[in-house]
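Asks: Generate coordinates for the sequence data below:
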Amino acid sequence: MSLQNHDKKIIKSTANWSKYAGLGTQLITGLLLLLYIGKKTDAYFQYKNRFTWILPSLFIFYTLARIIKETQPKK
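Replies: Numbering: from 1, shown residues only. Below is the predicted model of the structure:
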């Protein structure tokens with residue numbers, strides 16, 4: 001294996017790792033933000049944990065659909 005091929009493999013694996021690390025960061029940040037917004041919305045409308053459950057759940061479904069779409073083989 002030449003040095004150039006080895007460097008290309010390292011760059012490719014680093015790009016994949018950083019892509020998924022970014023998705024994980026977005027997921028955690030989005031969930032925390034929507035939990036906060038949900039709690040504030042529930043307190044304002046005097047609901048009992050409706051938005052605290054609904055907003056993060058919708059975000060999880062949206063994120064999973066986006067990940068599935070991005071990882072599908074291209075035609």
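Asks: what's residue 48 sitting at in phi/psi?
Replies: Here is the backbone geometry of residue 48 (degrees, to the nearest 10): phi -110, psi 90.
Asks: so what's the backbone phi/psi at the residue nearest to it when sequence neighbours are not counted?
Replies: Ranked by CB to CB, 6 or more residues apart in numbering and with sequence neighbours excluded, the top spatial neighbour of residue 48 is residue 42, at 7.0 Å. To be clear about C-beta, it is placed using only N, CA and C from the backbone, and glycine gets the same treatment. Geometry field for residue 42 lists phi and psi as phi -60, psi -40, criterion degrees, to the nearest 10.
Asks: Please apply the same query to residue 47.
Replies: Dihedral pair for residue 47: phi -90, psi 160, per degrees, to the nearest 10.
Asks: correct me, but residue 34 touches residue 55?
Replies: Yes. Contact criterion CB atoms under 8 Å: residue 34 and residue 55 qualify, at 4.2 Å.
Asks: How much space separates the residue nearest the centre of the chain from residue 56?
Replies: In the chain, the residue lying closest to the centroid (CA atoms, centre = their mean) is residue 27, at 3.1 Å. Between residue 27 and residue 56 the computed distance is 10 Å (CB to CB, to the nearest Å).
Asks: show me the residues around the closest residue to residue 26 other than its chain neighbours that make contact.
Replies: Closest residue to residue 26 apart from its sequence neighbours, by CB to CB, 6+ apart: residue 63 at 7.6 Å. Taking CB atoms under 8 Å, 6 or more residues apart in numbering, we find residue 63 in contact with 23, 26, 27, 30.
Asks: Alright, calling it a day.
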